[in-house]
Each structure stands twice: as C-alpha cells, then as structure tokens.
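Peer 1: sequence first, predicted model second:
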Amino acid sequence: MSNINLIIEERAADIGNFLVGRLLPFRQKRMVGPFIYIDHMGPVKMNERQNFDILPHPHIGLSTLTFLFEGSIMHRDTLGNEVEIKPGEVNWMTAGKGIVHSERTPEYLRHSEKNMHGLQIWVALPKHLEQMNPEFFHIESSEIPSWKEDDVEFKLVAGEAFGKKSKVPVYSPMYMIEIKSVTEKKLNIGEHLYGEAGLYILEGGVENDGSEYGPKQILVAKNSSLCEFTIRPNSTIYIFGGEAYPEERFIDWNFVSTEKELIEKAKQDWTEQKFDKIEGETEFVPLPVYPKPKS
C-alpha cells in the first residue's frame with residue numbers, strides 16, 4: 001500500500017519581477033510540519049539588464065530559509081545585516097515580532113549575465129515565540145552536516161535527523177534533508193524521520209509502490225516512519241517536515257500568526273510605515289490590495 005497521501009504540483013506565482021513555482025501553501029495541505037511556504041525560484045538566466053530585486057518587505061511570526069543552487073543574493077535587513085548568500089549556504093532569518101529585509105542581485109553582478117535557482121522557505125514559529133525579537137544567521141556550506149551512505153549523498157540543511165544536528169538555530173522539531181544519487185538506489189529512511197514529512201523532487205525522479213514521480217512535485221507522506229522509495233539515477237530530492245503545531249496558523253501576504261489580530265496590526269503598521277527601515281534602501285513593497293468579493 002502506498003504511503004503517499006497527497007501529490008502537490010508547482011503552481012506559477014509572481015514575487016516582484018520574478019516568476020516562481022509555488023509548492024506550499026496548498027488548498028488541501030496548508031503546512032507540512034512547521035513548513036508553511038515553499039517557493040522554487042528559477043532556474044532562470046538573466047542578461048546584463050535583468051536583476052533579481054525583491055524590495056524591502058516585512059515579516060512576522062516566521063523564520064525564512066534561503067537555499068541557492070545557482071546565483072547569488074545580497075540580503076539586507078533592519079538588524080543591520082548585509083550578507084551575500086551563495087549556492088550551498090543557508091540564510092536563516094527569524095522575523096518574530098517584526099523584521100524588514102530586501103533581496104537583490106549583488107552590485108558586482110548587476111551588469112553581467114547571471115543565473116538564479118534556489119528555494120525560498122518559511123517555517124512558522126511556535127506560538128510562544130511568535131513575538132520574539134528578530135534574528136539573522138548565515139551558515140556557510142562547509143558548516144552543514146554532509147555524509148555519504150552506499151554512494152548516496154546526504155546533507156542536513158536544517159533541523160535534526162539521522163542522529164545529526166544542523167547549525168541552523170531552529171525553534172521546533174523539524175528537518176530539511178538534501179539527498180543526491182547518481183545511481184538507482186532503494187532508500188528506507190523512515191526510522192530517521194518524525195512528525196509530518198514531504199518529499200520534493202528537484203531533478204530526476206523517485207518510484208513508490210509502482211508509481212513514478214518526477215521534478216517539481218511534492219509527495220506528502222501518510223506516515224513519516226514509513227518513508228521508503230527508490231531514487232532514480234541522477235536525482236536530487238529534499239525531505240522536509242517535523243512535528244506539526246496544535247494551533248492553526250493564519251497567513252496573509254508576508255505575515256504568519258496564530259492570531260488574526262497580530263496580522264491586522266502588522267498590515268496597519270506596514271501601511272503607515274511604522275516598521276524599522278533598512279539603511280540605504282528607499283523603496284518598499286506596498287501592502288497588496290485585493291479586490292473585495294462580490295456580494
């Protein structure tokens with residue numbers, strides 16, 4: 001019997017001047033463990049006149065995880081951080097009660113051809129930490145736990161699993177694991193997982209219970225402890241998940257919370273520009289105005 005409960009396909013979504021593949025949230029599955037939002041950026045090739053520019057915008061109630069396969073992004077935020085992230089590194093920004101950040105092509109790349117490809121992820125905070133002070137951490141690729149078993153390469157991007165712990169300072173039991181294989185292998189990793197689990201296929205494919213699955217799909221497991229599948233040759237997949245929260249999470253634009261009132265306050269504060277400002281940035285993303293439903 002198949003352990004796959006749900007298959008989620010990428011859907012096109014627009015973030016600023018950039019088109020992405022939206023994976024979460026999904027109408028039938030709003031979260032997988034604490035993961036509430038996953039965008040697949042690119043792959044895209046930009047010419048010397050095109051750049052990746054996400055203007056200053058706010059967040060509350062979540063941590064963002066940026067993980068690149070190609071390209072480079074300059075992160076700036078209201079804590080005073082100005083950090084370039086490159087492939088294989090992790091940017092982990094916890095918004096808590098509120099933070100503003102921008103993401104742009106670095107100045108030295110703005111007038112040359114460049115590629116962009118990666119994942120943008122939001123992880124909801126536990127209820128008692130939703131109003132914590134904001135934080136930012138940058139983790140070098142050399143600091144991320146990596147190992148090989150039976151010619152299969154593993155990397156623990158964030159969280160705890162396989163008896164290992166990432167340096168990314170997460171706030172609830174969770175994991176994000178990269179698995180790469182150049183040959184076909186049968187994997188049974190359920191004993192190392194917990195809570196809810198999803199499998200994202202970046203390239204290549206997997207087989208489960210006689211069915212084949214390919215790139216740009218998330219497979220949501222019925223039971224993480226029964227996570228067994230065959231990874232096809234030259235495949236890269238990501239396993240993500242963890243313990244689900246008991247409370248419902250609300251999401252509105254860039255804001256996540258267990259309380260709608262906190263979201264409304266954040267929207268009002270952003271409209272009135274009461275959030276802190278990023279030094280050197282003068283532009284910002286205005287609060288979206290959605291059409292009212294017809295009565």
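Peer 2: Looks like it came in fine.

Peer 1: where in this structure is pLDDT low?
Peer 2: 1-29, 225-226, 291-295 (pLDDT under 70).

Peer 1: most centrally placed residue in it?
Peer 2: In the chain, the residue lying closest to the centroid (C-alpha atoms, centre = their mean) is residue 121, at 1.3 Å.

Peer 1: what helix or strand does residue 264 sit in?
Peer 2: helix 260-271 (DSSP states H and E).

Peer 1: buried sites along that helix?
Peer 2: 262-263, 265-267, 270 (16 or more other C-beta atoms under 10 Å). All C-beta atoms are positioned from the backbone trio N, CA, C, and that covers glycine.

Peer 1: which residues does the residue nearest to the centre of the chain form beta bridges with?
Peer 2: Beta bridges link residue 121 to residue 38, residue 65, judged by DSSP bridges.

Peer 1: does it touch residue 37 like I think?
Peer 2: Yes - judged on C-beta atoms under 8 Å, residue 121 makes contact with residue 37 at a distance of 6.6 Å.

Peer 1: which stretches of the stretch 101-250 of the chain form strands?
Peer 2: Ranges of strands in the stretch 101-250 of the chain, per DSSP state E, counting those that start in this stretch, are 114-124, 135-139, 146-149, 152-161, 164-165, 174-181, 185-188, 196-203, 206-208, 211-213, 217-221, 228-231, 235-242, 250-252.

Peer 1: okay, buried residues for the second one please.
Peer 2: With burial defined by 16+ other C-beta under 10 Å, the residues of strand 135-139 counted as buried are 135-136, 138-139.

Peer 1: so what secondary structure elements neighbour it?
Peer 2: strand 82-85, strand 90-94 (3 or more C-beta pairs under 8 Å, 6 or more residues apart in numbering; DSSP states H and E).

Peer 1: so that strand versus strand 90-94, what angle?
Peer 2: If you take axes from the mean of the first three to the mean of the last three C-alpha atoms, to 10 degrees, strand 135-139 sits at 170 degrees to strand 90-94.

Peer 1: list the neighbouring strands of strand 135-139 plus their orientation.
Peer 2: strand 90-94 (antiparallel).

Peer 1: again, but for the shortest one
Peer 2: Strands that pair with strand 164-165, judged by DSSP bridges, come out as strand 152-161 (antiparallel).

Peer 1: now the strand it pairs with, how far from the centre of its chain.
Peer 2: Relative to its parent chain, strand 152-161 has a centroid offset of 15 Å by C-alpha atoms, centre = their mean, to the nearest Å.

Peer 1: buried stuff in that strand?
Peer 2: If you call a residue buried by 16+ other C-beta under 10 Å, then strand 152-161 has these buried ones: 152, 154-161.

Peer 1: repeat that for stretch 75-88.
Peer 2: 75-78, 81, 85, 88.

Peer 1: for residue 180, state which of those residues is nearest.
Peer 2: residue 88 (12.1 Å; C-beta to C-beta).

Peer 1: isn't that closest one up against residue 66?
Peer 2: No - counting by C-beta under 8 Å, residue 88 does not reach residue 66; the two are 11.6 Å apart.

Peer 1: pull out the buried residues from stretch 224-240.
Peer 2: 224, 227, 229, 231-232, 235-240.

Peer 1: could you tell me the end-to-end distance of it?
Peer 2: Its first and final residues considered, stretch 224-240 spans 10 Å by C-alpha to C-alpha, to the nearest Å.

Peer 1: please apply the same query to stretch 177-185.
Peer 2: Span of stretch 177-185 from end to end, C-alpha to C-alpha: 17 Å.

Peer 1: quick revisit: which one of the strands of the stretch 101-250 of the chain lies nearest to residue 104?
Peer 2: strand 114-124 (11.4 Å).

Peer 1: in that closest one, what's buried?
Peer 2: Buried residues in strand 114-124, defined by neighbour count with 16+ other C-beta under 10 Å: 114, 116-124.

Peer 1: and those as JSON lines, adding distance to residue 205?
Peer 2: Shown next, in JSON lines, are the buried residues of strand 114-124 (distance: C-beta to C-beta, whole Å):
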{"residue": "114", "distance to residue 205": "29"}
{"residue": "116", "distance to residue 205": "24"}
{"residue": "117", "distance to residue 205": "19"}
{"residue": "118", "distance to residue 205": "21"}
{"residue": "119", "distance to residue 205": "18"}
{"residue": "120", "distance to residue 205": "23"}
{"residue": "121", "distance to residue 205": "22"}
{"residue": "122", "distance to residue 205": "27"}
{"residue": "123", "distance to residue 205": "27"}
{"residue": "124", "distance to residue 205": "30"}
